[in-house]
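# Got a sequence here, can you build the structure:
(chains A and B)
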Amino acid sequence: MTNESFRIPGQGRLGQARLARFSFDGEGLAGLEGDTLASALLANGIHLVGRSFKYHRPRGILSAGAEEPNALVGIHRDAARRTPNVRATVQELYDGLNAVSQNRWPSLKFDVGAVNDLASPFLSAGFYYKTFMWPKAAWKQFYEPNIRAAAGLGVAPDLPDPDRYSARFAHCDVLVLGGGAAGIAAALAAAEAGARVIIADEQAQLGGSLRFETGARIGGAAGWDWAQASAARLAAMDNVRVLTRATAFGYYAQNFVGLVERVSDHLPQPMPDLPRERLWQVRAKRVVLATGAIERHMVFADNDRPGIMLASAARTYFNHYGVAVGRNVGVYTANDSAYHAAIDFKKAGVNIAAIVDLRDNPQGAAVDEARALGIEINAGRAVIAATGRQRINAMVVRPKNGGASRAIPVDALLTSAGWTPSVHLFSQSRGKVAFDEATRRFLPGDYAQDCVSVGACNGTDNLADTIAEAIAAGEKAAKEAGAKVSKGFKLKAETPEGWAGGMIGAAPGAGLDAKVKAFVDFQNDVTAKDIRQAVREGMRSIEHVKRFTTNGMATDQGKTSNIHGLAIAAETLDKPIPEVGLTTFRAPYTPVTFGAIVNHARGELFDPTRRTAIHPWAETHGAVFEDVGQWKRAWYFPRPGEDMHAAVDRECRTVRNAAGIFDASTLGKIEVVGPDAAAFMELLYTNPWKRLDTGRCRYGIMLREDGFIYDDGVVGRLAEDRFHVTTTTGGAARVMNHMEDYLQTEFPHLKVYLTSISEQWAVIAVQGPKSRDIIAPLVEGIDLSNEAMPHMSVREGRICGVPTRLFRMSFTGERGFEINVPADYGQAVWEAVWAEGEKHGACAYGTEAMHVLRAEKGYIIVGQDTDGTVTPNDAGLDWAVGKKKADFVGIRGLARPDLGMPDRKQLVGLRTRDPKLVLEEGAQIVADPRQPIPMKMIGHVTSSYWSENCGHSIALALVERGRERIGETLWVPMPDATIEVEVTGTVFFDEKGERLNG
Amino acid sequence: MLLIRCPYCEEERPELEFRHAGEAHLVRPSNITAMSDEDFEGYFFIRSNPKGLVYERWRHIHGCARFFNAVRDTVTDKFVTTYKAGEPKPDLGKPKARLPRKSARENVGKGKPAKGRAEPR
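Residues are numbered from 1 along each chain as shown, chains lettered A, B, ... in the order given. The predicted model follows:
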């Protein structure tokens, strides 16, 4: 049966299509280009394509579209491209396609897990919550891994995704979602009116249900032909974009719609530069929802046998793909539309065993035609069972109110319980659905956004009405979006078919018997019994029923099952359906790949990487880098044979003995300029600025209004009206935001400009006793003597022939300079400084040595030694708060009672009793190590290093009443030992600060 | 993703360009040091966080970089109006149970002068 034996010559539209070879579970098969994987499998007579989630029951193909709950397969292109849970009904066939079935072992036809089906009395609704409870520890080690292995869908690929995904933003006047008859008509009307239109459909071609509705005639042509001609006409218009293979998965605020376009999943060998998928983010002035309707299956015993499918799906396979799903076909329905399937089949010579209709006295043109064709119609009867394990072989029919049953042999059974309007996107737009009592279905009610529903998703059952409604909506949307509607657009449409009627809930014979498996939700193996049981066990809201039974979950999100489930719950609760409620429709409509969402933002493009002007030099000189926010910073410069410890020790020694050169370019820098610059600085920093002389610097502290330290940095006054402010590396952006906030909204009367100059100036710190000797030969026009340029001063001049803002300042406690040069000259100046430095035995040092050197001096790092709850006083920086100032941000916060309490944590130094022992940063500190657990923690270590220059480890810590405790012994309990420490001052090296001026 | 009208650029721009900046119309008192603890608590820590209409600050940080104010309905996530920093609270009339649709687009920029009210602290 691998020879396309179910393709009917002369039937369908694939006609002269080329052969496409593919494999399913290793078996070589042939289909046609234009097939879906499902139609190609059916052409080969293959119905059994998967095993169900929980019971491992054999499953076939239910649908011909996105609603498919059963036919999920893996598509394996290569080792890295293994896509699980692909719906065979939407996967287009290509030559060489390799599909594998899922959730079975060792094989699809013999699946050991099917024992679950026999064990099903123990696997009833909510069994996860009731079973597997003891012993408690077994859940993680035993139950969960085994359940996950046994029950499940496909297996995720284990290699990185090698594909590219692209993204586009788009704007339009009218976005039409759905390319069936309604969508095409609306798009044509809007486009003819001159509106910019985007029409999107999830399938490869526009046409929707015209694919199978062969009786439809629109604009004088057969429906499908009209759809293709219209699609071509739309595509040729300048103001229209036609997106096919594009699923609108999410409808967000202000008519913002997310779509995924599948660009290359249907190609045998995609060009390497093609993205796999393209994410469209479309903003539309108006949206027309033409999302159609989804047929429901009948709920009866063993309605999941392979070979049982939706009537419209069978028609699609027959009328479009030319594939008969069987040779002796039964139909089970409660409405008219399934009759047309029987009629189509019968006319083409496929035997219809019988139509079983739940209705007592079905009437109408379709019924008459079927009867005229000699089809046996069993009215007022129900199918109460289906036999055949891996393929249906008979349906058991009985009068619906009981009586004698008989088995009618079939090899396929088409069912239809009616049509469910697809209100998913409408509901996602926050529109409220309303239950229509007359037709027992949910329809769009109150709209929340600028959209309109047309056609089957709006409950319009007739084609002529649908076309008229769509044209009116398209024109109205175009007009509202600003287009000038000139001529009225008209189309004549007719069809003998209608989608009205049907039933919801369980059919007779779905059984209250615990052994009857009448499936409501195929993907989650939820039966009518499970839903009744959930109600009996106390679930009242449909949201609870859903979660207890898992009805409507997983990849199909209950597209075929939700309404049945709701009806059964309502019946069991004996409540009207609206009172039981409808579960929420959430994005995505169908599964969306992570690739499409993550898109370009992966790897290098996940987050910007910032490199300084001096980065290339550091790289060639062997620097090891560390990430500091988005920055790459040179961490240390190991020489051959050195580990990090040795390199850092050497760098720290060299800085204090000779000099070190450090790339400080990442420092945040903000220029504060204007007649009120000093007044602004007074308000934003705790320090007094008005009396700071031009050419001098000051260490500034910035607080939030609550009095806690927000940032710090050295500020140089370049002129009466110009300050060069530095911030922490990590704080640059937020400090700028904080300053702008106050300037724009609280102090707008101040005449000040703020400019971020972080990227404009490269900063080369030269620190150490030899620092002046190193830079002196390079500097022009600046007197570097102690008298002319003392510690904490700034001069403008030239270095190596380029402009510089030269700061005399220090973050090491040594005499030091920070050379600011325009970033483009950063590396050239660095190299010149380096050449001079080498003559004096200087080294390049990285951030680790910088941290050690500053800690030796007790200089804090905001965000490391402070944490947003530290005041200047806590940090020992009270001296930097202007006591005579009338106002600054944080002045009132500092006066809060809690911030003056004597038991606050204060920054102190710690020395370990064992000088070699380096504490762990973040370690907690206690006063008495013998107290019972939980101990009272009185502080924690904020910074801790080995200090080569001191010859012992050093640490900074925030400790309750810390300054009172200087000299006391405290304890740091660690997992392996409790470490004895002595509280000290924060300065470990050159306590008098003589070296700064040396 | 929301579209937000920047009152300085006079354009609707995508939310990506903006950053939320907390409740609006909280004015830093000029005599802040004279505030009682209770008043400071109210000014700095306490926020109204209502369900429904909120007056809030936004910054067009990746655009003109200006801070401005907006009225937004937290139930529908719809902007009623946006206006420049320093301008008084717009007079929205009687609060309605639900805002009219399309209000974000249509109510903005029509130059209906909002009645000034004394700024609450």
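# Next, give phi and psi for the residue located most distally from the centre of chain B.
Here chain B has its C-alpha centre computed as a mean, and the residue farthest from that point, by C-alpha atoms, centre = their mean, is residue B:34 with 27.4 Å. Backbone geometry at residue B:34, expressed as degrees, to the nearest 10, gives phi -90, psi 0.
# and if you look at residue A:20?
As for residue A:20, its main-chain torsions (degrees, to the nearest 10) stand at phi -130, psi 120.
# Excluding sequence neighbours, find me the nearest residue to it.
residue A:95 (4.4 Å; C-beta to C-beta, 6 or more residues apart in numbering or on different chains). Quick note: C-beta positions are derived from backbone N, CA and C, even for glycine.
# Thought residue A:22 was touching the one you found, still the case?
Yes - under the criterion of C-beta atoms under 8 Å, residue A:95 makes contact with residue A:22 at 7.5 Å.
# Check what pLDDT the nearest residue to residue A:125 once chain neighbours are set aside gets.
Of all residues not flanking residue A:125 in the chain, residue A:530 sits nearest, at 3.9 Å (C-beta to C-beta, 6+ apart). Each residue has a pLDDT score; the one for residue A:530 is 93.
# you'd agree residue A:530 is up against residue A:55?
No - between residue A:530 and residue A:55 there is no contact under C-beta under 8 Å: 11.5 Å.
# Show me which of those two is the more surrounded one.
Neighbour totals were compared for residue A:530 and residue A:55, and residue A:530 leads with 27 against 23 (other C-beta atoms under 10 Å in any protein chain shown).
# Identify the residues contacting the more buried one.
With C-beta atoms under 8 Å, 6 or more residues apart in numbering or on different chains as the criterion, the residues that contact residue A:530 are A:124, A:125, A:520, A:549, A:551.
# filter those to the buried ones?
In terms of neighbour count (16 or more other C-beta atoms under 10 Å in any protein chain shown), the buried residues within the contacts of residue A:530 are A:124, A:125, A:520, A:549, A:551.
# could you dump the residues you listed to a markdown table with distance to residue A:227 and secondary structure?
What follows is those, written out as a markdown table (distance: C-beta to C-beta, whole Å; DSSP: H, G, I helix; E, B strand; the rest coil):
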| residue | distance to residue A:227 | secondary structure |
| --- | --- | --- |
| A:124 | 46 | coil |
| A:125 | 43 | coil |
| A:520 | 33 | strand |
| A:549 | 39 | helix |
| A:551 | 35 | coil |
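# Among those residues, find me the one that's closest to chain B.
Each of the buried ones among the contacts of residue A:530 was scored against chain B by C-beta to the nearest C-beta, and residue A:551 proved nearest at 29.5 Å.
# Can you give me every residue that contacts that closest one?
Contacts were defined as C-beta under 8 Å, 6+ apart; by that measure residue A:551 touches A:520, A:521, A:524, A:526, A:530, A:531, A:545, A:558, A:561, A:562, A:565.
# hmm, try it at 6 Å
Residues near residue A:551 by C-beta atoms under 6 Å, 6 or more residues apart in numbering or on different chains: A:521, A:526, A:561, A:565.
# Spatially nearest residue to the third one (excluding sequence neighbours)?
Closest residue in space to residue A:561, ignoring its immediate chain neighbours: residue A:521 at 3.7 Å, by C-beta to C-beta, 6+ apart.
# on that earlier part again, the contacts of residue A:551 in helices, which ones?
residue A:565 (DSSP state H).
# Show me just the buried residues among the contacts of residue A:551.
When those are checked for burial by 16+ other C-beta under 10 Å, the buried set is A:521, A:526, A:561, A:565.
# Turn those into a markdown table, columns for pLDDT and distance to residue A:410.
Listed next are those as a markdown table, based on pLDDT from 0 to 100; distance: C-beta to C-beta, whole Å:
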| residue | pLDDT | distance to residue A:410 |
| --- | --- | --- |
| A:521 | 95 | 24 |
| A:526 | 94 | 25 |
| A:561 | 94 | 23 |
| A:565 | 95 | 27 |
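# Please give the number of neighbouring residues around the closest residue to residue A:857 other than its chain neighbours.
For residue A:857, ignoring the flanking residues on the chain, the nearest one in space by C-beta to C-beta, 6+ apart is residue A:813 at 3.9 Å. Summarising burial for residue A:813: neighbours were counted as other C-beta under 10 Å, giving 25.
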